[in-house]
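Asks: I would like to see how this sequence folds:
(chains A and B)
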Amino acid sequence: MIHTDLCIIGAGPVGLFAVFEAGLLKMRCHLIDALPQVGGQLSEIYPQKPIYDIPGYPEVNAQDLVDNLMEQAKPFSPTFTLGERVDHLDKQEDGSFIVTTSDKTKVHAQVVIIAGGLGCFEPRKPAIENLELYEGNGVTYMVKDPEKFRDKNVVLAGGGDSALDWTIFLSKVAKKVTLVHRNETFRGAPDSAAKVFDLANNGKIDLILSANLKQLSGNGKLDSVTFMDKSKVEHVIETDYLIPLFGLSPKLGPIADWGLSIDKNAIEVDTRDYSTGVERIYAIGDINTYPGKLKLILCGFHEAAIMMHSAFKYVYPDQKLSFKYTTVNGVNSF
Amino acid sequence: MVNFTVEDHDGNRQEIEAPDDMGFSLMEILKASEYPVLATCGGMALCATCHVEVLEGKDELGEATDIELDQLENLPEYYPTSRLACQIRIGDILEGSIIKLRGEDQ
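Replies: Predicted structure coming up:
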């Protein structure tokens, strides 16, 4: 069990800045994010895009902003659980929470801060009947541990960079790799596409173009995938694994079941301190809503500063909070 | 003003009237009309959550850009008439068209 003062759900820009604001008030943070890296939308969707509305930066690259926020949080030594989704919040008798992730990591915290942006990014799933039946039984949307696929038959589906990159990588690990793509060409990186065509021409992989996944079969565990070619003829490939790679899509996920007031996929908060309807749970950044809400990073930063002053009373119930400026006291003297 | 029809995920159709002189995208008009469009990336053709199918009037809209096609082709399901609503500017070209929401239902 990890013990901390504040558990921040979401390691995007607002979650990262919240670490800094918490640190100024001597509160320790543990951050959890479903993505395998920090940065949220900035790192996952548009790392190389410039952002123009961060005060003090006429222009800043999204990933550079994330890197700077990590540097700013560093003096306060936050800890992280990445690549795991928060599934449960359990309130304790003393009012604190135990947070449990999809991989059963447990975090004990006095306060929970939801800075989850638009929720967790989950894999886009192809419309195949009974797909869910085989999830975890042959169908997987991520290659976390490539060794799992050693000497196995693997079918990948998709035509983007992920599908190309993992086809190339797994061609050296798996017994047999088949890539199914609905078009005749790839729009991913030309170099990767060329490598995939070379592998196919040299008989290292099977490349099936202009085809769509149609059906999965097996008895509890996946054993074959049926696809349909452009002439509407069905073909069956025997396989141990299917890896559909169609990108990620944001979902609110289990947050919707925590008893919070939700309006159009956002958590309603009190604008005096961005608290939710549940004591000791706050929501900041794109995931909250209130009259006049603007979904801007800088608004999330403001919300983080305000909410930390409210959360202080739960972490230090016997102390009076006195407001200080960093210009007077520096960072480490707080 | 421009008039076009929107068909939601349940097949219900609604006439929409939108201003053509304010630089709005179709995605912005759909959101303003309370349709469940996430538009996570804010209109940069990076998330494809504003995926629509142009049932009528596609020829008027011109070709999709490479960045738009990159996103569309990455989707599990897309159609010859698929577009990203964030990449379509509200203008005369939309007059009389029929747009079907295809982004995941929120």
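Asks: any idea whether the residue of the stretch 201-334 of chain A at minimum distance from chain B is helix, strand or coil?
Replies: Nearest residue of the stretch 201-334 of chain A to chain B: A:F246, at 4.4 Å (Cβ to the nearest Cβ). C-beta: built from backbone N, CA, C; applies to glycine. Assigned by DSSP: H, G, I helix; E, B strand; the rest coil, the conformation of A:F246 is coil.
Asks: And A:D5, by the same measure?
Replies: Under three-state DSSP, A:D5 comes out as strand.
Asks: Equivalent analysis for A:G220, please.
Replies: Three-state assignment for A:G220 (three-state DSSP): coil.
Asks: Contacts only, for the residue of the stretch 201-334 of chain A closest to chain B.
Replies: Neighbour list for A:F246: A:P123, A:R124, A:K125, A:P126, A:A157, A:G158, A:G160, B:N74, B:L75, B:P76 [criterion: Cβ atoms under 8 Å, 6 or more residues apart in numbering or on different chains].
Asks: Just those: which are in strands?
Replies: Assigned to strands by DSSP state E, the following of the contacts of A:F246 qualify: A:P123, A:A157.
Asks: Same list, the contacts of A:F246, but as JSON lines with neighbour count please.
Replies: Formatted as JSON lines, those follow (neighbours: other Cβ atoms under 10 Å in any protein chain shown):
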{"residue": "A:P123", "neighbour count": "18"}
{"residue": "A:R124", "neighbour count": "19"}
{"residue": "A:K125", "neighbour count": "16"}
{"residue": "A:P126", "neighbour count": "19"}
{"residue": "A:A157", "neighbour count": "24"}
{"residue": "A:G158", "neighbour count": "28"}
{"residue": "A:G160", "neighbour count": "21"}
{"residue": "B:N74", "neighbour count": "22"}
{"residue": "B:L75", "neighbour count": "22"}
{"residue": "B:P76", "neighbour count": "21"}
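Asks: so which pair among the contacts of A:F246 is furthest apart in space?
Replies: Within these, A:K125 and A:G160 form the most distant pair, 14.9 Å apart (Cβ to Cβ).
Asks: Using CSV, write down the CA coordinates of stretch B:44-64.
Replies: Listed next in CSV are the C-alpha coordinates belonging to stretch B:44-64 (Å, rounded to 0.1, in the frame of the first residue of the first chain):
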residue,chain,number,x,y,z
MET,B,44,-6.8,19.9,-34.8
ALA,B,45,-7.8,16.7,-36.6
LEU,B,46,-6.0,14.7,-34.1
CYS,B,47,-8.6,12.7,-32.2
ALA,B,48,-11.3,11.8,-34.7
THR,B,49,-14.0,12.1,-32.1
CYS,B,50,-16.0,14.4,-34.4
HIS,B,51,-16.2,11.8,-37.2
VAL,B,52,-19.3,12.3,-39.4
GLU,B,53,-20.5,10.8,-42.6
VAL,B,54,-21.7,13.2,-45.3
LEU,B,55,-24.8,11.4,-46.6
GLU,B,56,-25.6,14.1,-49.2
GLY,B,57,-23.4,16.9,-50.5
LYS,B,58,-19.9,15.5,-50.1
ASP,B,59,-18.8,16.5,-53.6
GLU,B,60,-19.2,20.1,-52.6
LEU,B,61,-16.8,19.8,-49.7
GLY,B,62,-13.7,19.0,-51.6
GLU,B,63,-11.0,16.6,-50.7
ALA,B,64,-9.9,15.8,-47.2
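Asks: And the average pLDDT for it is what?
Replies: What stretch B:44-64 shows for mean pLDDT is 87.
Asks: Briefly note if it comes near chain A.
Replies: Yes: on the criterion Cβ under 8 Å from any Cβ of the partner chain, stretch B:44-64 is in touch with chain A at B:M44, B:L46, B:C47, B:A48, B:T49.
Asks: Name the SS class of the fourth one, please.
Replies: Three states are possible here, and by three-state DSSP the one that applies to B:A48 is coil.
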